[in-house]
Structures are given as structure tokens and as C-alpha cells.
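Colleague: sequence? don't have it. structure:
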């Protein structure tokens, strides 16, 4: 479970009281997440649950950005959670860290086997709508995973990595990631269109009822960014099991283009964007999981799976990939 900062019953009562709620009957750690501490606060009579997040890395300004974006998205028809009212962003803290309470969203996450062409189509359409709505969001916040940020993480990995055979394997991967990062940093990204992007739209951040999307979660890392990069993340997240499923990818891109027409420049940038997303998630899974095993209670995520994606993309080539995606 993603629990780095525990919450005891007294803490939970204080947090609930700040939102004019009675002391909860239970505090339940949530088995999801990378860097934040997540819980359900539950009342038994009548039965009610709210989601509680302790922001481990964001200050009040980051929380304010997320809450303002959630309100903007909701007003424009994007299904997403809303924070409980009555407090300002960062006003309630625990251990010196901001806390947010959110109403729970129904539905359930999709496993990879349940990702059909219909679901891929609807995910692409959802992302297109998000990008159109995000274009009018007035808060232009830069992302936390730019090339310079990733380079700093790689240098930190070198300092923190343990010795022995495990270090030899990790060292080889770090060297490859540095080479990719240098090459991708030289790509002319100016051909892409910027909007507000989610940047982490994996399967565990979307809830379904049948084939209907009822909730899109975890907007903490949303920022101003390239929409083709967000599309690349979606393809990596929803169209890959042990290999890429290009039928799903084609459906996803088709759904996206019902709302957004990719420019010729964006089509040329899709392969570099896919490679950049592989590098980004390999690096953050090293820093957030591989080198933090045993820190907090949470589900482990293997960084090497992004090397497998990267190898398959490079063996395929840009022209063949675009053909398979119908671009």
C-alpha cells in the first residue's frame, strides 16, 4: 500500500473535523500510488467512504493547481473527483504535509485483459476531450518531469545505487537512459501543440462501469505539456501487455482524432514522444520503486518493462508504427 506517512485515529478525527465530519470509524490504507500516502476514511452507520491523500511531494501551490484543474474539468464534463469543500488548499496538514479529502468515485479499474477496442476507442476520445478542455485552463504550470528534471534523477540514482551485481545491471540501464535522454533532448519539440495534459493516465487512474468511463483520477502531475506526449503515455499504458497490441492502438488513436486532429508535425513527433515516455517512466520507477523497496507499503512496479517497450518500438521503426496506427 502507498502509505509513507501513517494516519492514526486521532489524526483522522482532526482531519475529518476540519471538513465538518464526525470522527471516522476506520482508516484503511490504499494499495495504489507511487509517492503519496493514500487512505479511505470510513463511517459505518450510515456507510460512507471518502478518499484521503497526504501529499508527500507537493506543497500548497501544487495542491491549489490540482484542485483548480479538477473544478475546471468537472465544469466541462470530464468525470473526475472533487475535493471536499470547507477548506483551502494546504490548510489541513498532517506531519507538515498538505492533506486532501475527496468523494469516492464508483466503478472499477480495468485489467489489461479487459482492454478491448471499444475501451481503447473511448480512452482516446476521453483524452481528446481533456486536451480540448485543458486548452482553456488559465493556469499554465510547467511539468515536474522535463529533461532537466529527469537528468537530475539519473544523477541521484548514480549516487544512491547499491554495489554488487545489481548495481552493474542498474548501471547499464542508467547509461542507456542517459543516452536516450541526450538524443531526445535534441528533438525539435516545437512542432507539437501544448495544452494541459494529465501525463500519467494509466489503467489504475480510470474507473469504468461496463464500457463507460465514470472517473479519471490522480491529476497531481497534470501540467502544461505536449498533447502528443500525453497520447504517447496513453498508448504505452493501454496497448501493451507482453507486446504492443496495435489493434488497440489504432482504435485509441481513432478515438482521439474524433476530437483532435493531429498535425503532420505531431505525427512525426509520436515516436520520439513514445521513447521519451518510456525513458520518463523507467527513471521514475527506478527512483520511486526500485531504490525504495521496503519504504512504505505499496504495490511494486518494475522499471524494466519500459525497456521492453522501448526495444519493441525501436525495432519497429517510425514509418511502420504510424502505418499500424493508421496515421
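Modeller: Okay, I see it. Note that the structure is a prediction, hence the values are computed from the model and not measured.

Colleague: quick one: the helices in the protein?
Modeller: For the chain, the helices defined by DSSP state H cover 9-18, 60-75, 117-134, 147-160, 165-185, 227-238, 246-256, 264-288, 304-316, 318-324.

Colleague: of all the ones you listed, which lies closest to residue 95?
Modeller: helix 9-18 (8.6 Å; Cβ to Cβ). C-beta here means a position set from N, CA and C on the backbone, and glycine is covered the same way.

Colleague: Count the neighbours of the residue nearest to residue 147 when sequence neighbours are not counted for me.
Modeller: Leaving aside its sequence neighbours, residue 147 sits nearest to residue 185 (Cβ to Cβ, 6 or more residues apart in numbering; 4.5 Å). Per other Cβ atoms under 10 Å, the neighbour tally for residue 185 reads 14.

Colleague: Could you export the helices of the chain to JSON lines, including columns for distance to residue 220 and mean pLDDT?
Modeller: What follows is those, written out as JSON lines (distance: least, Cβ to Cβ, whole Å; pLDDT from 0 to 100):
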{"stretch": "helix 9-18", "distance to residue 220": "18", "mean pLDDT": "96"}
{"stretch": "helix 60-75", "distance to residue 220": "5", "mean pLDDT": "96"}
{"stretch": "helix 117-134", "distance to residue 220": "15", "mean pLDDT": "98"}
{"stretch": "helix 147-160", "distance to residue 220": "15", "mean pLDDT": "88"}
{"stretch": "helix 165-185", "distance to residue 220": "23", "mean pLDDT": "83"}
{"stretch": "helix 227-238", "distance to residue 220": "15", "mean pLDDT": "98"}
{"stretch": "helix 246-256", "distance to residue 220": "23", "mean pLDDT": "98"}
{"stretch": "helix 264-288", "distance to residue 220": "13", "mean pLDDT": "94"}
{"stretch": "helix 304-316", "distance to residue 220": "20", "mean pLDDT": "94"}
{"stretch": "helix 318-324", "distance to residue 220": "30", "mean pLDDT": "96"}
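
Colleague: Tell me which of those is the most buried.
Modeller: Most buried of those, by mean neighbour count (mean count of other Cβ atoms under 10 Å): helix 227-238, with a mean of 25.

Colleague: Point out the one among the helices of the chain that comes closest to residue 108.
Modeller: helix 117-134 (12.5 Å).

Colleague: what helices or strands is the closest one leaning on?
Modeller: Under the contact definition 3 or more Cβ pairs under 8 Å, 6 or more residues apart in numbering; DSSP states H and E, helix 117-134 sits against helix 60-75, strand 194-197, strand 212-216, helix 227-238, helix 246-256.

Colleague: between it and helix 227-238, how big is the angle?
Modeller: 150 degrees (axes from the mean of the first three to the mean of the last three Cα atoms, to 10 degrees).

Colleague: Need the contact partners of helix 117-134.
Modeller: 72-73, 76-78, 110, 195-198, 201, 206, 208, 211-213, 216, 222, 227, 230-231, 234, 238-239, 247-249, 251-260 (Cβ atoms under 8 Å, 6 or more residues apart in numbering).

Colleague: and if you look at stretch 175-195?
Modeller: Contacts of stretch 175-195 (Cβ under 8 Å, 6+ apart): 131-132, 134-135, 147, 150-151, 154, 224-229, 263, 265-266, 268-269, 272-273, 275-276, 278-279, 282-283, 307, 310.
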